[in-house]
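In: could you look at this predicted model? Sequence included:
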Amino acid sequence: LVERLTEPLHLNIISIFIALFGTFRMKVSFDLVVRQHTAYCLLKCADNAKKKGIKTVTVVEFGVAAGAGLLNMANIAKNVTKITGVNFQIIGMDSGQGMPAPIDYRDHPDLYQEGDFMMDIQKLEDKLPDEVTLIIGDLKDTISKLIDKLSPESPLGYVCLDVDYYSSSKIALTCLESDATNYLPVSYIYLDDLEDSAHNSNCGELLAVKEINDNIFPRIIERHNFLRSYRIMKNPRWIDHVFTYHVVDHPSRTSINSSVKNINLDNPYL
């Protein structure tokens, strides 16, 4: 609500009518769906998958904690499926024991500590819909379970990274090192822990991204450039948290699309 007060008055007035009468896609466009980043990314994943004839997309949340974000993701996924026909395999990854002890300064011990973000596993599992899988355990032991679930029939399209630490983030992002066809050609990543004044590119999630990029070259994770210019609402902070994963060695990005006609430009001066 505070963020919306920074938007132009006419857009907020229009938003009232969109909230009351608009379609789900319109509500996503006007940032009227709770956890706007997840709504935007799931809808983009589904639209991109549909263009390629993919019927199911895998999405994952690293760092489930109490589970509000995972349940919200499941609810958004249902609405996206209704309007696109694309289904989602939703996976939540968490230790179930809260955060472990930080390894060193790279884990921001000034911000996070052992035991933060505990989970009531049984209570959450009782609420999860059938399409959601909760994988509990240390990431270094469980990340292979996620990778085993990826396939060309259900490629990874969205990663919500919320494990705070550099050490945990780097393990989580190894899920991006599998065969190219196990991902959408352009996938989406939400880095949650970026905006505290202590966050920087030599610690935390940004350091993990930098190091993973060295491992996955020529693929690359980079900030979603120009996303702000595409959005109706320009000021929400979530926009600065969205990154894209470019699988440049994906078959669809390494061959010429023969169905596309040659591009020609008119010259009004001739």
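Out: Here it is on my side, so go on. Numbers count the residues shown, from 1 in each chain.
In: can you give me the strands in the stretch 151-270 of the chain?
Out: Using DSSP state E, counting those that start in this stretch, the strands of the stretch 151-270 of the chain run over 156-161, 183-191, 220-223, 242-246.
In: next, the angle from the second one to strand 242-246.
Out: To tie it back to what came earlier, the one meant is strand 183-191. Strand 183-191 runs at 150 degrees relative to strand 242-246, counting by axes from the mean of the first three to the mean of the last three Cα atoms, to 10 degrees.
In: parallel or antiparallel, which strands does strand 183-191 pair with?
Out: strand 156-161 (parallel), strand 242-246 (antiparallel) (DSSP bridges).
In: next one: the shortest one
Out: Using DSSP bridges, strand 220-223 pairs in its sheet with strand 242-246 (antiparallel).
In: so which of the strands of the stretch 151-270 of the chain is the most surrounded?
Out: strand 156-161 (a mean of 26; mean count of other Cβ atoms under 10 Å). (C-beta placed from N, C-alpha, C; glycine too.)
In: could I get the average pLDDT for stretch 171-181?
Out: Taken as a whole, stretch 171-181 has a mean pLDDT of 97.
In: contact partners of that stretch?
Out: By Cβ atoms under 8 Å, 6 or more residues apart in numbering, the residues outside stretch 171-181 that reach it are 60, 62, 93, 139-140, 143, 146-147, 150, 152, 155-156, 159, 161, 163, 183, 208-209, 212, 215-216, 219, 221, 245, 247, 249-251.
In: how about a cut-off of 6 Å?
Out: The contact list for stretch 171-181 (Cβ atoms under 6 Å, 6 or more residues apart in numbering) reads 62, 139-140, 143, 146-147, 150, 152, 161, 163, 208, 212, 216, 247, 249-250.
In: tell me which residues of it come out buried.
Out: 171-176, 178, 180-181 (16 or more other Cβ atoms under 10 Å).
In: same check on stretch 214-234?
Out: Quick answer for stretch 214-234 (16+ other Cβ under 10 Å): 216, 219, 221, 223-224, 227, 231, 233.
In: and which of those residues is nearest Ser259?
Out: Using Cβ to Cβ, the shortest approach to Ser259 within these belongs to Arg219, at 24.9 Å.
In: got a list of what the closest one touches?
Out: Going by Cβ under 6 Å, 6+ apart, Arg219 touches 247-248.
In: redo that, cut-off 10 Å
Out: Neighbouring residues of Arg219 by Cβ atoms under 10 Å, 6 or more residues apart in numbering: 176-177, 180, 183, 187, 212-213, 245-250.
In: Leu42: which of these is nearest?
Out: Of the contacts of Arg219, the one sitting nearest to Leu42 (Cβ to Cβ) turns out to be Ser187, at 11.7 Å.
In: which residues does the residue nearest to that closest one when sequence neighbours are not counted contact?
Out: Excluding the flanking residues, the one nearest Ser187 by Cβ to Cβ, 6 or more residues apart in numbering is Tyr245, at 4.2 Å. Tyr245 makes contact with 156-159, 173, 176, 183-189, 209, 212-213, 216, 219-222, according to Cβ under 10 Å, 6+ apart.
In: beta partners of Tyr245?
Out: Ser187, Ile221.
In: so how far is Asn213 from it?
Out: Using Cβ to Cβ, to the nearest Å, Tyr245 is found at 10 Å from Asn213.
In: same question, Val60
Out: Val60 is 19 Å from Asn213, by Cβ to Cβ.
In: neighbour count: these two, which is higher?
Out: Each of Val60 and Asn213 has its neighbours counted (other Cβ atoms under 10 Å); Val60 has more, 24 against 17.
In: need the pLDDT of the more buried one.
Out: pLDDT at Val60 comes out at 98.
In: wait, a helix at it?
Out: No: using DSSP: H, G, I helix; E, B strand; the rest coil, the assignment for Val60 is strand, not a helix.
In: that one - nearest residue in space that isn't next to it in sequence?
Out: The nearest residue in space to Val60 (Cβ to Cβ, 6+ apart) is Ile91, at 4.5 Å.
In: using PDB, write out every CA atom in the helix or strand hosting the one you found.
Out: If you go by DSSP states H and E, Ile91 is part of strand 87-94. Below are the C-alpha coordinates for strand 87-94, written out as PDB (Å, rounded to 0.1, in the frame of the first residue of the first chain):
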ATOM      1  CA  ASN A  87       0.300 -26.900 -15.300                       C
ATOM      2  CA  PHE A  88       2.900 -26.500 -12.600                       C
ATOM      3  CA  GLN A  89       5.000 -28.900 -10.600                       C
ATOM      4  CA  ILE A  90       5.700 -26.900  -7.400                       C
ATOM      5  CA  ILE A  91       8.500 -27.900  -5.100                       C
ATOM      6  CA  GLY A  92       9.500 -26.400  -1.700                       C
ATOM      7  CA  MET A  93      13.000 -27.000  -0.400                       C
ATOM      8  CA  ASP A  94      13.900 -26.400   3.300                       C
END
